[in-house]
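Chemist: Got a sequence here, can you build the structure:
(chains A and B)
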2 protein chains.
Amino acid sequence: MRNLLVTIAYDGSAYHGWQVQKNAVTVQEVFQNALERLIGERPDVKGCSRTDSGVHARAYCISFKTESSIPCRNIVSGLNTYLPRDIAVLSCSEAGDDFHARYSVLSKQYVYIVHNSRIRDPFLKDRAFHYPVRIDEELLNKEAQAFVGTHDFSGFCSARSDVEDTVRTVYSFSVARRGSEVAFTVEADGFLYNMVRIMVGTLLFVNEGKIAPGTLAGVIASKDRARAGKTAPACGLYLNAVKYPQE
Amino acid sequence: MRNLLVTIAYDGSAYHGWQVQKNAVTVQEVFQNALERLIGERPDVKGCSRTDSGVHARAYCISFKTESSIPCRNIVSGLNTYLPRDIAVLSCSEAGDDFHARYSVLSKQYVYIVHNSRIRDPFLKDRAFHYPVRIDEELLNKEAQAFVGTHDFSGFCSARSDVEDTVRTVYSFSVARRGSEVAFTVEADGFLYNMVRIMVGTLLFVNEGKIAPGTLAGVIASKDRARAGKTAPACGLYLNAVKYPQE
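Modeler: Here you go, the predicted structure:
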């Protein structure tokens, strides 16, 4: 039995996230259909994270066990033939028996893109959050350092979650501008439900003066969702990279 | 009576080009609907060019005459409220009485984007032509200079056209790479039907060795459509800039 690690990129606009759902098209279902067409089996595929409807991925990792003997490079080209054009397989490699796309994760990096311009850009529709108020990226980059470290992030988690352990370690958080786009880049050992989107929304509250600079550590420590900002829209969020132990 | 010049950008993926058609949604129709909602009249709007289904615009110019007294800045914000998110109004200004978005054009610049990579990019779906064969951009940039100058481009025009004058002056043509994207940028006093897409397809034939380097001048002079390359797909084409006389 081989254990394979496949990395894909997808534009999430047309999908209800990764995980299979009734009555909604998801990336997992579309991926499993293409895989079944290629290898003639329908293995239980493991995704590196649940992602929400409309969230994108530049490098989403999937593992599955298979009896298939198709070489990795042909799995890449074959899946790309069967997948729709808003999903692409970037790579495929052999993984150790114990490897699991979700449980083996060391850290994940998300990027949140804000299009910061008075006038919207038609080419960023569904690809970035259009936010016309001028962003002070230096201020927000400084403020965002309050998130770095090990904290109980229960104030940065949407209600529908029932995770017991709400402590996560954020390794880095940066806010940087490139022209009219501002990128919020965060790496952590894991994320609570909607955590990145609430962190970004909270920084935008700082930008608007609704939360005073220098007070974010207190907002985090309060564990009070009502003290954080709004959940930023899904369309700006990209799963950018996933780290696993070297094999 | 005011004569207004409005510049818009649009993602053409969902539209059958600019010009109003029966049984197909066009940018012109959607623009006229938004304009009518805003100013309460439905003027005859003039577009700077016909564009094909799926072609995009970063700066498409429109002129129309109106009795409306709404200031230009409110026309920009008002139209952006009523237009769908894949069209944006960039600017509005007062033009002289004789100005006409199409007849006053001095030159237009198009950019054609090729995504030159073995594996497709989901985020460039409908936004670039995915072409996996490695492009020699230096060779093509050199070859493209054969297009520059005043030529009869009747060999670079699709059959359904019945224009009498097929002579056009190409002011510049460059082929340049940025990472995995190769941009073909051409400026001319005017373009025949599908001219840019056939020029790009012809350069790709040179890239593939189907047309010998150094022979493009002969292909142009032959006025023979069969000697040029394939028409490159619409999705890679962007109307990038339009020049008018200074007022």
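
Chemist: Could I get the full set of helices for chain A?
Modeler: Assigned by DSSP state H, the helices in chain A fall at A:27-39, A:72-82, A:137-144, A:195-207, A:216-222.

Chemist: which bits of chain A sit near chain B?
Modeler: A:9-11, A:56, A:76, A:80, A:85-90, A:119-123, A:125, A:127 (C-beta under 8 Å from any C-beta of the partner chain). From N, CA and C alone the C-beta is placed, and that goes for glycine too.

Chemist: Tabulate the helices of chain A in JSON lines, adding columns for mean neighbour count and mean pLDDT.
Modeler: Output for the helices of chain A, formatted as JSON lines (neighbours: other C-beta atoms under 10 Å in any protein chain shown; pLDDT from 0 to 100):
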{"stretch": "helix A:27-39", "mean neighbour count": "19", "mean pLDDT": "96"}
{"stretch": "helix A:72-82", "mean neighbour count": "16", "mean pLDDT": "97"}
{"stretch": "helix A:137-144", "mean neighbour count": "18", "mean pLDDT": "98"}
{"stretch": "helix A:195-207", "mean neighbour count": "25", "mean pLDDT": "98"}
{"stretch": "helix A:216-222", "mean neighbour count": "17", "mean pLDDT": "96"}
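
Chemist: Select, out of these, the one closest to residue B:50.
Modeler: Of all those, helix A:72-82 sits nearest to residue B:50, with 34.7 Å by C-beta to C-beta.

Chemist: Quick one: low-confidence residue ranges for chain A.
Modeler: A:160-162, A:247 (pLDDT under 70).

Chemist: Tell me where chain A has strands.
Modeler: A:2-10, A:46-47, A:56-66, A:87-95, A:107-115, A:129-130, A:149-152, A:167-178, A:181-188, A:237-243 (DSSP state E).

Chemist: rewinding a little: how about the helices of chain A, which one is nearest residue A:246?
Modeler: From the helices of chain A, taking C-beta to C-beta, the stretch that ends up closest is helix A:72-82, at 18.4 Å.

Chemist: how many other residues sit next to residue A:113?
Modeler: Here the count is done by other C-beta atoms under 10 Å in any protein chain shown, and residue A:113 has 21 residues near it.

Chemist: quick one: contacts for the residue lying closest to it once chain neighbours are set aside?
Modeler: Closest residue to residue A:113 apart from its sequence neighbours, by C-beta to C-beta, 6 or more residues apart in numbering or on different chains: residue A:128 at 4.2 Å. Applying C-beta atoms under 8 Å, 6 or more residues apart in numbering or on different chains to residue A:128 gives the contacts A:113-115, A:121, A:181, A:235-236.

Chemist: ok, so of these, who is nearest chain B?
Modeler: residue A:121 (6.6 Å; C-beta to the nearest C-beta).

Chemist: what's that closest one sitting at in phi/psi?
Modeler: Backbone torsions of residue A:121, given as degrees, to the nearest 10, read phi -110, psi 120.

Chemist: measure the closest residue to it other than its chain neighbours to residue A:177 for me?
Modeler: The spatial neighbour of residue A:121 that comes closest, neighbours along the chain excluded (C-beta to C-beta, 6+ apart), is residue A:115 at 5.7 Å. Separation of residue A:115 from residue A:177 (C-beta to C-beta, to the nearest Å): 11 Å.

Chemist: Looking at those two, which one has more neighbours?
Modeler: Taking other C-beta under 10 Å, residue A:115 and residue A:177 do not tie; residue A:115 has more neighbours (21 against 16).

Chemist: pretty sure the more buried one is touching residue A:129, no?
Modeler: Yes - look at residue A:115 against residue A:129 with C-beta atoms under 8 Å: they come within range, at 6.8 Å.

Chemist: any idea how far chain B is from the most far-flung residue of chain A relative to its centre?
Modeler: Distance from the centre of chain A peaks at residue A:69, with 31.3 Å (C-alpha atoms, centre = their mean). The gap separating residue A:69 from chain B is 23 Å, by C-beta to the nearest C-beta, to the nearest Å.

Chemist: mind listing what's buried in stretch A:49-63?
Modeler: Neighbour-count burial for stretch A:49-63, counted by 16 or more other C-beta atoms under 10 Å in any protein chain shown, picks out A:49, A:51-63.

Chemist: for that stretch, how far is the first residue from the last?
Modeler: 12 Å (C-alpha to C-alpha, to the nearest Å).

Chemist: likewise stretch A:44-58?
Modeler: End-to-end distance (C-alpha to C-alpha), stretch A:44-58: 22 Å.

Chemist: Now do it: distance to the chain's middle.
Modeler: 7 Å (C-alpha atoms, centre = their mean, to the nearest Å).

Chemist: Residue A:134 contacts residue A:116, correct?
Modeler: Yes - Residue A:134 is within contact range of residue A:116, at 6.9 Å (criterion: C-beta under 8 Å).

Chemist: neighbour-wise, which of the two wins?
Modeler: residue A:116 (20 against 10).
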